[in-house]
Every structure is written in structure tokens, then in C-alpha cells.
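1. give me a 3D structure for the following:
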Amino acid sequence: MELKNIFPTFNAMWVRWSAYEIADVLNGRYIMPTADATAIPYSSTESLQELLTDALNLGKAVYQKSDDVEHVCLAFVQKHGLLGLHKSSGSRVFPLKGGNVSPARKEHSSQEYGEEPGHFTAEFQKLYLHFLSTRGELPTQLSKHLQADLATLTTQPIPSGLSYRLTATCPPQMAWQPDDLIDVLYLAYGLAVTDTATPLKVCKNCGTVYFNPHQKSEFCSVKCRNYFNVKVFREKTTSK
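-> I've put the predicted structure just below:
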């Protein structure tokens, strides 16, 4: 699964910051860069497999109501940046009372931009729910709220900011330029989950989602494989 095999000129530059926090701003909570953070521009297509598996494992933590969800969120944005959920660029920003503007409505690349944890984590949970459905592991008694979230992927067109321009080269090319990280994430997931080689795996030992194109792969690491084999051996020995 390589986006560049489909879109050779896929330009997915994004900005992450050197440090993030969950801060209380204007009576709300936001994941945003710290005051002393520095901007780090990077190409999000350089590590698509890691972006995708990190996203699905974060979705798993949210779905299972893990105690360390906020820690996992901060670890994700530290590596990949925020998603760019609110497309404020080029649109009119409506200030709150007192002339203040919510961090969620600031320019994506600015240090003042932030995303509400609930909206942020919901996107990852949607992907993980869909991933469970592709594996036949989605609970039959799913809450209406989660059913509605899943429906945004399965019954409606997925909105995308995957714009492009034409180059003046010979021959001309289509230069794809996504507006935000979430568009890259959803496209990467769509390509991976529809891949007949099933590169997305779930570790047989720890349940971590990982990427491996080899059909016989069952473990995310040698450590997990060894741990699982020892556990099976002990269970067999105990049952005798």
C-alpha cells in the first residue's frame, strides 16, 4: 500500500509541533501546541504505515475506554500533528463573545490551533469500528451513537480536501495537495483496508494493529511471538 504508486506527485506536507498539551481555553479543552513549541513541517506520506497503525491503535484505546487515552492522543500528535478537523482556512471565522476566537477555528498551521479531545478521538474510533466490521468482529449490540458514527463511513460519501493542480511540465502531471492530515489518513486507510493482500493485521498476542504484507504474519514483534508460544506451552503443560 503506497499512495505514491497511485498518485506519484502526492504532496502531503503538514505541520507538527515539538510539544503538545491538553489545555483549558475559553471554557473548553483543546489538544494544542505548548507556548514554547516549535513548528516542524514534514511530509505525512513518508510514514503512512505508521500513521495508519497509530491511528487504529488510538481508535482501539478510545473504543475500549482505556485509562491512558489522553496520553495516547498526545503521543500521536507528537509524531504526526493534529488532524485539521476544522477547515477554517479561507473561510470566515466567527469570534466568540468578547472578540475571542476558539482554538478550533484558528489557522491549522498556527501555534494557537487546537482540537477538542472528543472530536479528535471520535475520528479514530470511527476507523477502528470500521476495521472491526471488516474482520467480522463488530459487536451486534452496538450503541446508536456508535452506529451513527460508523454510518458516516459506510453510507455517506466521505468528504475530502484532496485538491490538485496541473503542472506545466512535459508531460503534465496532476499534483495532489491535501488540505489536512485527516484526508491523508482516510485515504491511506481506504487503500489498506481494501487491499486483497490484507496488510493490516492484529497481533495474536497483544491485539495491537500492525502492518505486514506477509499473509502468514500473526504477531507484531518477535517478543510477542515468543511470549505467546511460551504461554501456549505452559497451558499445555498445566492441562496434562
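2. who does the helix or strand harbouring residue 78 touch, helix- and strand-wise?
-> Residue 78 belongs to helix 69-80 when assigned by DSSP states H and E. If you count contacts as 3 or more C-beta pairs under 8 Å, 6 or more residues apart in numbering; DSSP states H and E, helix 69-80 packs onto strand 13-17, strand 20-25, strand 28-33, helix 48-63, helix 117-134. C-beta: built from backbone N, CA, C; applies to glycine.
3. out of these, nearest to residue 187?
-> helix 48-63 (9.2 Å; C-beta to C-beta).
4. give the buried residues for the closest one.
-> For helix 48-63, the buried set under the neighbour-count rule, 16 or more other C-beta atoms under 10 Å, comprises 48-49, 51-63.
5. before we move on, what about stretch 22-41?
-> 22, 30-33.
6. hang on, the earlier thing: between the buried residues of helix 48-63, which is closest to residue 146?
-> Taking C-beta to C-beta as the measure, residue 146 lies nearest residue 63 of these, at 8.3 Å.
7. would you point out which residue is most central in the protein?
-> By C-alpha atoms, centre = their mean, the chain has its centre lying nearest to residue 55, at 3.4 Å.
8. so who does that one touch?
-> Going by C-beta atoms under 8 Å, 6 or more residues apart in numbering, residue 55 touches 76, 124, 127, 185, 189.
9. so how far is residue 75 from it?
-> 12 Å (C-beta to C-beta, to the nearest Å).
10. thinking again about what came up before, mean confidence for the helix holding residue 78?
-> Averaging pLDDT along helix 69-80 gives 97.
11. list the buried residues of it.
-> Using 16+ other C-beta under 10 Å as the test for burial, helix 69-80 gives 69, 72-74, 76-77, 80.
12. quick one: contacts of it?
-> Contacts of helix 69-80 (C-beta under 8 Å, 6+ apart): 14, 16, 19-22, 31, 44, 50-51, 54-55, 57-58, 61-62, 66, 117, 120-121, 181.
13. go on, stretch 149-164?
-> With contact meaning C-beta under 8 Å, 6+ apart, stretch 149-164 is reached by 87, 122, 125-127, 129-130, 133, 142, 174-180, 183, 186-187, 190.
14. endpoint to endpoint, it covers what distance?
-> Criterion C-alpha to C-alpha, to the nearest Å; first-to-last residue distance in stretch 149-164 is 29 Å.
15. run the chain-centre distance for it.
-> Distance of stretch 149-164 from the chain centroid (C-alpha atoms, centre = their mean, to the nearest Å) equals 14 Å.
16. got it, and stretch 126-136?
-> Taking mean C-alpha positions (C-alpha atoms, centre = their mean), stretch 126-136 and its chain are 14 Å apart.
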